[in-house]
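> sequence-free structure coming up:
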């Protein structure tokens, strides 16, 4: 086999590996961006307001997909929250603020803010 043919094969293999790496990286980034965090909150809940302020102050709506669901005045959202509450192994009355992501509940302002910090890579 000639040297030129060997060089062409090596370049081709390198390009295939590089393209595969780029596709995998793009897929991982795209998947992370498409993941939705559901934020259950009450419109007069002071702990919810702290989480909302954290989200606003850190411009998280620009970097994370957040689905806001108010539960005090919306019976459909409240019913959905009760189902999520049970899925997360909780008993009794559901509580807000609650973030639901990847089948996991983050309950209360401290847990919610810790989780949001982990999603944006902030140190706690």
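Cool, got the structure. These figures come from a predicted structure and were not determined experimentally.
> just the strands in the chain please.
Secondary structure of the chain by DSSP state E: the strands cover 36-41, 65-70, 98-101, 104-107.
> buried set for the first one?
Okay, so that is strand 36-41. Judged by neighbour count using 16 or more other CB atoms under 10 Å, the buried positions of strand 36-41 are 37, 38, 39, 40, 41. Every residue, glycine included, has its C-beta placed from N, CA and C.
> do the last one as well
Applying a neighbour-count criterion of 16+ other CB under 10 Å, one finds 105, 106, 107 buried in strand 104-107.
> which elements pack onto it?
helix 75-87, strand 98-101, helix 109-120 (3 or more CB pairs under 8 Å, 6 or more residues apart in numbering; DSSP states H and E).
> the last one versus strand 65-70: what angle between them?
Same thing as helix 109-120. 160 degrees (axes from the mean of the first three to the mean of the last three CA atoms, to 10 degrees).
> what's in contact with helix 109-120?
With contact meaning CB atoms under 8 Å, 6 or more residues apart in numbering, helix 109-120 is reached by 37, 39, 47-48, 50-51, 54-55, 58, 60, 63-64, 97-99, 101, 106, 123-124.
> please indicate which of those residues are buried?
Burial by neighbour count, 16+ other CB under 10 Å: within the contacts of helix 109-120 this picks out 37, 39, 47-48, 51, 55, 58, 60, 64, 97-99, 101, 106.
> now residue 41, nearest residue through space, not along the chain?
residue 48 (3.8 Å; CB to CB, 6 or more residues apart in numbering).
> just the buried ones among the contacts of helix 109-120 now: which is nearest residue 15?
Nearest to residue 15 among the buried ones among the contacts of helix 109-120: residue 64, at 34.5 Å, using CB to CB.
> perfect, I'm done here.
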